[in-house]
Every structure is written in structure tokens, then in C-alpha cells.
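Asks: Okay, predicted coordinates and the sequence, questions at the end:
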Amino acid sequence: MGKKLQKKFIALCEEKCKKEGSRIAEGKEPRLPVWKKESTLNYEKELKILQMELLKLQNHVKEKGLKLLIIFEGRDAAGKGGTIKRIIEHLNPRGARVVALGKPSDVEKTQWYFQRYTTHLPSGGEITIFDRSWYNRAGVEPVMGFCTEQEHARFLHEVPFYEEMQVGSGTHLIKFYLSVSKEEQARRFHDRKVNPLKNFKISPIDIKAQELWDKYTIAKYSMLLASHTEHAPWTILNSDDKKTARINVIKHILSSFDYEGKSPDLDLKTEPEILYDGSKEIIRLEKLITEEKMA
């Protein structure tokens, strides 16, 4: 910074301090400057605009009696919770809810596998978001040994029919898989360990996630291959950059509907390297797994 700019900056700061000093003298609370990166300000501005559009979409869902179901899947620390938070943050809680089921109870273990999820499906006029779903049986359960090979195979066979029935009954089903790199997952796990405010996010399963990375990759491939269908396709989201991922997810949701009051100037174009069709991921994983077997 040049001397002239330095002097100008100092003068502006001094003037600001004088104003705040007069505010304190008048018994008013001082206003302190908050410095943010330009990229953060741009993100917050765009997010706010998109969140207002989500409210319009919610009104449309309610008025038309639509059933909107959004599923979020992905490895541990992929950013599912944070993304869902930005979607649901300003929606009317009377017509939008998040479903995040824990481990099945002893009674639920005796039921048809899909039964405990079915009770949480949206009714007319509702938006329901699943933070993990029945796809536990395609990911963590077979990898960690929480289900048998037969149960896993049966799930992969049945899930397309289960989702086809939902779509056939009028449910708008959107499935997102958040794809995080191994390096970024490790960084986020470390952050959870050293940050007391994030310690609660660490579980024994998380600790094994890095060690079992390749097994999760194979499970992901099997899941996509079986359940990426015409009536219920997967949308893959590169979530290494959380903020970019959130913006792209909301844009994809909004672009899936025509609703009253939709801003004509709204830019809903997503980034192809961030958000893309599940078929592209199937091809990528197929190549990756084949190369590893040949190595």
C-alpha cells in the first residue's frame, strides 16, 4: 500500500473512531467494523437470494399439494448436514422437515426394511429432507458388517421398485450424493477432533472411514449401478468446497420446478464439474475400480 493510500486509510479509521466515540458519549452501542472476504460476501448474497426463492417454491408445493422428497447421501463428513441446514433455514417448519433416523430399534429390526422410512414420507403440500435414508443398507451397513450379503443384495434389487412406487404416486424425488475426496475427509475429521464444538460429530464409524475408503467406494459403485434409474436418478455433488456445493444444490432444486413468482433474472446454471448426473460417476468409478484390480 502506497503512503498516500495509507494516510487516507488511517484518516478514514480515525474519522470512524470519532463517530463511534460520539455514539458512546450519547449512550449508544458502538458499531465495530467486521472484515469479511469478498468471496464470503458474494456467497452470502447469492445464498440469501436463493433461500428467498426456496420460500416461493415451498409456497408452490403447499398450494399445489405437491409431495417433495429430497435425499442426501454421502460419506461421513461430506457436508450433508450443513447443506441441509442452508436449504431448510428459512422455510416454514409447518411444511418442511428433516428426517435423520438413528439406529433401528429391536422392534424395527424385525420389520420390513423400508417400513420405518415409509412412515416419514411427505404428504401433500410437504417438503421432506432425508439426512441419510434407506441407502444406509447400500453404504455403511454392508461395509461395517451391519447387514448380511443377502440383505444387501435384496436391498439393491428392491430399492428401484420402492422408489418407482413413490414417484408413481406423485412424489417428486430428488437424490443427491455428496462426493468428498479422501484428503478433504481426513482434514474435516481432524477439525472435528481438535474443535470442542465439533467433537460430537465424531463417531467410531467415522474413525474407520479412512481405513475402509476402498470398500466404501465399491459399495457406492454398487449402489449407483442398481439405483440410478430413469424415474429416480442420482445427482452427484463434488462437496470439497462446501459453499460452492450448497449453492449448486439449491440451484438444482429450484431449476426442477416452475413456480409462481420465479425471478426471471435468476441464474440457476450449475457448474458441471461440481454437480453432474450419476451416470458420469458410475463410469468414473468403474474405471477406477478396474485400474485398481489390474494394479
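Replies: Looks like it arrived, so ask away.

Asks: the helices in this protein, which residues?
Replies: Remark: helices assigned in the chain by DSSP state H are 3-25, 38-64, 80-88, 115-118, 140-144, 149-168, 182-194, 204-209, 213-227, 242-255, 278-294.

Asks: now for those, which one comes closest to P233?
Replies: helix 278-294 (5.7 Å; CB to CB). In short, each C-beta sits where N, CA and C put it, glycine included.

Asks: can you pull the buried residues of that closest one?
Replies: Neighbour-count burial for helix 278-294, counted by 16 or more other CB atoms under 10 Å, picks out G278, E281, I282, L285.

Asks: do the same with stretch 73-92
Replies: Residues of stretch 73-92 classed as buried: 73-80, 83-84, 86-88, 91 (neighbour count, 16+ other CB under 10 Å).

Asks: what number of residues lie near G95?
Replies: Around G95 there are 17 other residues, counting by other CB atoms under 10 Å.

Asks: Please parse this protein into its domains.
Replies: Per the TED database, the structural domains of the chain span 1-35, 39-294.

Asks: for those, which one ends up most surrounded?
Replies: Neighbour counts (mean count of other CB atoms under 10 Å) averaged over each of the domains of the chain peak at domain 39-294, with a mean of 16.

Asks: So what's the model's average confidence on that domain?
Replies: Per-residue pLDDT over domain 39-294 has a mean of 97.

Asks: leaving aside the residues next to it on the chain, what's closest to H90?
Replies: Leaving aside its sequence neighbours, H90 sits nearest to Q51 (CB to CB, 6 or more residues apart in numbering; 5.0 Å).

Asks: what sits against the one you found?
Replies: Listed by CB atoms under 8 Å, 6 or more residues apart in numbering, the contact set of Q51 reads R86, E89, H90, I250.

Asks: so which of the helices of the chain gets nearest K269?
Replies: K269 sits nearest to helix 242-255 of all the helices of the chain, at 7.3 Å, using CB to CB.
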